[in-house]
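**Student:** make a model of this:
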Amino acid sequence: MLKGHNILCISSIDWGFVWQGHQEIMSTLAANGNKVLFIENTGVRSPRLSDLPRLRQRFTNWRKGTKGFRQERENLIVYSPLIFPFPYSRVARLINQFFLLRKLRHWMRTTDFHSPIIWTFLPTPITHTLIRELLPTATIYYCIDDLAASSTAARPIVSAEEKLFRTADLVFVTSQKLQERAAKFSSRVHRFPFGVNYQNFENARLGDTQAPHDIESVKRPIAGYIGGIHKWVDLRLLETTAKSLPDVNFVLVGPAQVNIESLSRIPNVHILGIRPHQTLPSYIKRFDVGLIPYKLTEYTANVYPTKLNEYLAMGVPVVATDLSEIRRFNADHSDIVNIATDADAFRHSVESSLTEVGEEAKDRRISVAQQNSWPAKIREMSVLIQNSLKSREKQSKGWEKALQLSYRNARYRLAQTLTALFLVYGGLFHTPLLWVVASPLHVKETPRQVDAIVVFAAGVGESGEAGGGYQERVKKAAELYAENHAKNIVLSSGYVFALQEAEVMKTLAISLDVPQESILLEKKAISTYENVRYVSEMLHDKNWKSILLVSSPYHMRRALLTWRKIAPNVDVIATPVEKSYFYEHGWGANVAQIRGIVHEYAAIVFYWWKGWN
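**Tutor:** Below is the predicted model:
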């Protein structure tokens with residue numbers, strides 16, 4: 001069996017899902033001294049509303065670990081990646097590729113996880129990316145399902161899978177039909193139907209452990225089913241059979257993935273839900289017959305049910321629908337399974353199986369299961385993998401691989417840089433991202449009656465141009481004055497360009513019908529801090545306690561923070577200009593606006609450091 005290798009597994013299920021070959025193979029390889037990174041399912045189709053619980057579970061899995069990585073057992077790390085669940089979107093793939101590769105490379109460097117064998121159960125585009133970028137010593141594709149037939153949304157996977165058939169060093173399949181399809185593209189195809197951890201089942205069969213309480217209370221005879229209750233399970237067949245055999249109790253152990261309300265209402269049907277994998281032998285031990293009630297579809301034509309050998313390992317007779325792989329199994333093992341072609345035959349097979357007694361038949365079932373044990377299969381797989389590794393080692397030359405890795409890393413760094421620049425450029429100039437970020441700066445309150453209207457001039461302000469915004473601010477103050485919110489206006493600016501800015505503002509205010517005697521000027525301030533300091537002194541002299549503050553929309557937060565620090569006794573109501581020419585925008589922003597917003601945040605930090613806000 002393989003030993004001492006790094007193995008990166010790209011799984012088609014999550015680690016905590018129903019225990020299958022994915023977990024069995026990887027835990028066995030980890031126990032044999034290989035270091036395994038198990039990447040949970042990245043998806044074969046876009047999500048639907050019904051997938052929300054699975055998305056929530058992925059986030060929960062991610063939080064369990066450190067940046068998504070968690071140790072499940074010795075030598076086995078599980079990674080729950082947070083990615084955009086759109087496997088065939090070019091944009092989503094580029095983003096996923098950037099972040100996924102970055103996380104994986106960092107983890108691989110940190111843990112000395114180099115030159116891995118990539119063992120994938122998924123043939124999606126993101127798998128091809130990982131194979132291309134991580135330079136594995138060997139690539140194995142274990143094709144266990146016809147994924148394209150699993151749903152309409154998964155059909156685009158066909159071309160990616162055909163490519164993986166051609167490029168993988170080894171292709172393992174679980175069924176004859178999958179082998180025939182893969183063989184069209186590769187000569188390196190080997191059939192390995194899912195097996196059984198025979199030792200665990202034998203220990204339960206021969207041991208004296210008590211049956212779980214939830215099945216111990218169920219009266220025998222019991223016809224049992226182990227596994228997910230999914231869309232491929234023929235629920236109508238189960239309902240019909242259970243109703244026609246009222247003296248037989250039907251027990252289903254596994255997660256319900258479809259609506260099973262009508263089935264659960266039948267008195268002799270017991271749905272127990274998902275149970276820990278290690279307890280399943282104890283449940284099957286109570287079964288008098290094991291059921292495989294799958295529908296006959298294009299998808300199930302390629303299915304080799306894992307539960308088949310689990311039933312047999314406990315010596316339990318099996319009744320199954322007429323699946324292709326069950327027929328093939330029967331041909332190899334002398335009709336060990338009772339196959340039913342319709343509902344009447346299924347009911348009859350359940351009845352006749354319940355009458356099967358005798359140690360000889362039981363021993364034959366156990367013997368068949370022993371031939372299909374996982375350790376035996378994994379040893380066979382290991383021989384093929386080791387031979388493939390030796391073959392690749394002979395063909396490769398060290399300097400070529402080093403040069404290839406150097407160029408690959410250079411391309412990766414360039415791609416990282418370009419992707420980052422693209423995301424930053426797109427986010428700033430073609431999305432409302434800047435305005436979302438800037439929204440905390442924008443403060444606006446309903447104006448009311450106060451002692452004075454205070455206008456902070458622009459100076460060079462956010463525009464960086466002299467006198468860049470005083471006109472709209474003075475206009476706003478004149479409007480507030482006309483609405484009788486205050487009888488006085490204070491214009492604050494110490495800037496001198498061609499003329500004193502405060503005087504120019506006063507002239508504009510008078511032209512807007514503000515009486516000259518209602519205008520006061522503050523002519524020393526050249527910063528927001530000084531605006532507040534000098535104006536607050538004027539307010540104190542006049543015994544004015546409340547003001548409407550007029551400035552640009554995104555300057556208002558800094559101005560308010562400074563007021564509250566320097567002159568907390570003044571009641572300040574934020575009344576910025578409604579429409580700022582400088583900040584007028586559509587979907588994105590321009591360079592000057594970006595600079596203005598950055599300037600405001602930087603100034604807030606600077607004022608905090610100086611103790612001014």
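**Student:** drop to CA atoms for contacts and neighbour counts, all remaining ones
**Tutor:** OK.
**Student:** next one: the closest residue to Arg558 other than its chain neighbours from Asn613, what distance?
**Tutor:** Distance criterion CA to CA, 6 or more residues apart in numbering; nearest residue to Arg558, sequence neighbours excluded, is Ile604 at 5.9 Å. Distance of Ile604 to Asn613, computed by CA to CA, to the nearest Å: 8 Å.
**Student:** how about the nearest residue to Tyr304, chain neighbours excluded?
**Tutor:** Glu325 (5.7 Å).
**Student:** secondary structure element for the one you found?
**Tutor:** Glu325 belongs to helix 324-332 when elements are defined using DSSP states H and E.
**Student:** show residues contacting that helix.
**Tutor:** Identification of contacts with helix 324-332 by CA atoms under 8 Å, 6 or more residues apart in numbering yields 175-176, 301-304, 320, 335-337, 339.
**Student:** surely Val577 is in a helix?
**Tutor:** No. Counting by DSSP: H, G, I helix; E, B strand; the rest coil, Val577 is located in no helix; its state is coil.
**Student:** distance-wise, check it relative to Leu560.
**Tutor:** Note on Val577: its distance to Leu560, by CA to CA, is 15 Å.
**Student:** circling back: of the contacts of helix 324-332, which belong to helices?
**Tutor:** Gln176 (DSSP state H).
**Student:** got any ranges where this protein has weak pLDDT?
**Tutor:** Low-confidence segments of the chain (pLDDT under 70): 44-51, 54, 87-88, 150-154, 395-407, 458-468.
**Student:** what's the spacing between the residue of the chain positioned farthest from its centre and Ile510?
**Tutor:** When distances are taken from the C-alpha mean of the chain, Glu517 lies farthest, 65.6 Å away, according to CA atoms, centre = their mean. Using CA to CA, Glu517 is found at 10 Å from Ile510.
**Student:** of all residues in the protein, which one is nearest the centre?
**Tutor:** A centroid search over the chain (CA atoms, centre = their mean) returns Leu82, at 3.1 Å, as the residue closest to the centre.
**Student:** need the contact list for it.
**Tutor:** Neighbours of Leu82 in contact, by CA under 8 Å, 6+ apart: 58-59, 62, 68.
**Student:** and if you look at Phe185?
**Tutor:** Residues in contact with Phe185, defined by CA under 8 Å, 6+ apart, are 162, 165-166.
**Student:** got phi/psi on it?
**Tutor:** Note on Phe185: backbone dihedrals following degrees, to the nearest 10 are phi -120, psi -20.
**Student:** how close does the residue nearest to the centre of the chain get to Gln57?
**Tutor:** Distance of Leu82 to Gln57, computed by CA to CA: 11 Å.
**Student:** Thr446 too?
**Tutor:** 45 Å.
**Student:** between those two, which has more neighbouring residues?
**Tutor:** Shown here are Thr446 and Gln57; by other CA atoms under 10 Å, Gln57 has more neighbours (15 against 8).
**Student:** just give me how far the one helix or strand that one maps to sits from the chain centre.
**Tutor:** Assigned by DSSP H and E, Gln57 falls within helix 52-64. Distance of helix 52-64 from the chain centroid (CA atoms, centre = their mean, to the nearest Å) equals 8 Å.
**Student:** and the contacts of that helix?
**Tutor:** 68-70, 79-82.
**Student:** before we move on, what about stretch 534-544?
**Tutor:** For stretch 534-544, using CA under 8 Å, 6+ apart, the contacting residues are 451-452, 490, 492, 522, 524-525, 545, 567, 570.
**Student:** buried residues, it. List them.
**Tutor:** The neighbour-count criterion (16 or more other CA atoms under 10 Å) identifies 535-536, 538-539 as the buried residues of stretch 534-544.
**Student:** which of those residues lies closest to Tyr554?
**Tutor:** Set against Tyr554, the nearest of these by CA to CA is Val535 (20.4 Å).
**Student:** and for the spatially closest residue to Val316 that is not a sequence neighbour, the neighbour number?
**Tutor:** Distances taken as CA to CA, 6+ apart put Val289 closest to Val316, at 5.6 Å, once the chain neighbours are dropped. A total of 28 residues lie near Val289 under the criterion other CA under 10 Å.
**Student:** contacting residues for Val289?
**Tutor:** By CA under 8 Å, 6+ apart, the neighbours of Val289 are 222-224, 316-319, 350, 353-354.
**Student:** give me the buried subset of these.
**Tutor:** Buried, going by 16+ other CA under 10 Å: 222-224, 316-319, 350, 353-354, out of those.
**Student:** need those residues in CSV (columns: secondary structure and distance to Phe194).
**Tutor:** Shown next, in CSV, are those (DSSP: H, G, I helix; E, B strand; the rest coil; distance: CA to CA, whole Å):
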residue, secondary structure, distance to Phe194
Ile222, strand, 25
Ala223, strand, 23
Gly224, strand, 20
Val316, coil, 18
Pro317, coil, 19
Val318, strand, 17
Val319, strand, 18
Val350, helix, 24
Ser353, helix, 24
Leu354, helix, 26
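**Student:** can the residues you listed go into CSV with extra columns for distance to Met1?
**Tutor:** Listed next are those as CSV, based on distance: CA to CA, whole Å:
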residue, distance to Met1
Ile222, 39
Ala223, 37
Gly224, 34
Val316, 30
Pro317, 32
Val318, 31
Val319, 34
Val350, 40
Ser353, 38
Leu354, 40
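**Student:** show me which of those residues is closest to Tyr481.
**Tutor:** Gly224 (83.6 Å).
**Student:** just list whatever residues bridge to the closest one.
**Tutor:** Val251, Gly290 (DSSP bridges).
**Student:** hey, where'd the strands end up in the stretch 251-400 of the chain?
**Tutor:** Under the criterion DSSP state E, counting those that start in this stretch, the stretch 251-400 of the chain carries strands at the ranges 269-273, 289-292, 318-321, 338-340.
**Student:** check contacts around Asp146.
**Tutor:** Asp146 touches 178, 299, 302, counting by CA under 8 Å, 6+ apart.
**Student:** counting neighbours, what do you get for the second one?
**Tutor:** Taking other CA under 10 Å as the criterion, the count of residues near Tyr299 is 16.
**Student:** and Leu423, that one's in a strand?
**Tutor:** No. Assignment of Leu423 by three-state DSSP gives helix, placing it outside any strand.
**Student:** any idea how far it lies from Glu239?
**Tutor:** In this view, Leu423 and Glu239 are 54 Å apart by CA to CA.
**Student:** these two: who's more crowded?
**Tutor:** Using other CA under 10 Å, the more surrounded residue of Leu423 and Glu239 is Glu239, with 17 against 12.
**Student:** alpha carbons of stretch 326-335, in CSV - could you do that?
**Tutor:** Extracted in CSV, the C-alpha atoms of stretch 326-335 (Å, rounded to 0.1, in the frame of the first residue of the first chain):
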residue,chain,number,x,y,z
ILE,A,326,-26.3,-5.2,-9.5
ARG,A,327,-26.8,-7.5,-12.4
ARG,A,328,-23.1,-7.5,-13.1
PHE,A,329,-22.4,-8.2,-9.4
ASN,A,330,-24.8,-11.2,-9.5
ALA,A,331,-23.0,-12.5,-12.6
ASP,A,332,-19.7,-12.4,-10.8
HIS,A,333,-21.1,-13.9,-7.5
SER,A,334,-23.7,-16.5,-8.5
ASP,A,335,-26.9,-14.5,-8.0
